[in-house]
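Chemist: Would you be able to build a 3D model of this:
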Amino acid sequence: MKHNLAQDLEQCALPAALEAMGERWSFLILRGALSGIRHFEEFQSTLGIARNILANRLARLVENGIMLRQPMQCDRRKVEYRLTEKGQELAPAMIALRQWGEKWGSAPPFCQVLADKRDGMPIRAIAIQAHDGRTLDLSDLVWLCRDEVTPMAQEPAAAA
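Modeler: Okay, the predicted model is just below:
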């Protein structure tokens, strides 16, 4: 079956994902949220972002289901922003971008290293992995239509 590359690229999920995130400030807000920041004032003071831009970007992240805006339990007049499951699943992409920036960027080395909470060891570089855990290079990859993909073998049902 012949495929039209332009049509395939048009249907790619990447542009929609980038549209949902917005631009630089949205990524920095997400970085802050992944680090545990929850309140408007904390985002503003940590990022040095103008209030109107922060309000706009937070609203967009909420609108796109990446963050949730909710009243605080202890004081219903105050609001906190929390990552949704959809937002939390952006962590690998954010970590991969950071690792890429650390390797190829022109910024000085960052003093903090992302580590495993259990043993304090630094995490591995984010990599493309095969279904069986092998690390893959770009030369190992191919785009296939869904109907061309080999189905994964079903795991036998566990005995009750």
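
Chemist: Tell me how far the residue most central in space within the chain lies from residue 47.
Modeler: With distances taken as CA atoms, centre = their mean, residue 90 lies nearest the centre of the chain, 1.7 Å away. The spacing between residue 90 and residue 47, counted by CB to CB, to the nearest Å, is 17 Å. Where C-beta positions appear, they are placed from N, C-alpha and C, glycine not excepted.

Chemist: can you give me the strands in the chain?
Modeler: For the chain, applying DSSP state E gives strands covering 67-71, 79-83.

Chemist: Dump the C-alpha coordinates for the first one into CSV.
Modeler: This file holds the C-alpha atoms of strand 67-71, laid out as CSV (Å, rounded to 0.1, in the frame of the first residue of the first chain):
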residue,chain,number,x,y,z
MET,A,67,-3.2,21.0,34.5
LEU,A,68,-6.2,21.2,36.9
ARG,A,69,-7.2,24.4,38.7
GLN,A,70,-8.8,23.7,42.0
PRO,A,71,-9.6,25.4,45.3
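
Chemist: Run me through the strand neighbours of that strand, direction for each.
Modeler: Neighbouring strands of strand 67-71 in its sheet, by DSSP bridges, are strand 79-83 (antiparallel).

Chemist: quick revisit: can you put the strands of the chain in a markdown table and add distance to residue 123, mean pLDDT and mean neighbour count?
Modeler: Output for those, formatted as a markdown table (distance: least, CB to CB, whole Å; pLDDT from 0 to 100; neighbours: other CB atoms under 10 Å):
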| stretch | distance to residue 123 | mean pLDDT | mean neighbour count |
| --- | --- | --- | --- |
| strand 67-71 | 24 | 95 | 16 |
| strand 79-83 | 19 | 96 | 16 |
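
Chemist: Just tell me which of those ends up closest to residue 125.
Modeler: Smallest distance to residue 125 across those (CB to CB): 23.0 Å, for strand 79-83.

Chemist: Other residues contacting that closest one?
Modeler: Strand 79-83 is contacted from outside by 30, 33-34, 38-40, 43, 58, 61-62, 66-72, using CB atoms under 8 Å, 6 or more residues apart in numbering.

Chemist: now do stretch 12-32
Modeler: Contact partners of stretch 12-32, identified using CB under 8 Å, 6+ apart, comprise 42-43, 46-47, 49, 53-54, 57-58, 60-61, 64, 66-67, 83, 87, 90, 94, 97-98.

Chemist: repeat that for 6 Å
Modeler: Contact with stretch 12-32 is made by 43, 46, 47, 49, 57, 60, 64, as judged by CB atoms under 6 Å, 6 or more residues apart in numbering.

Chemist: Alright, calling it a day.
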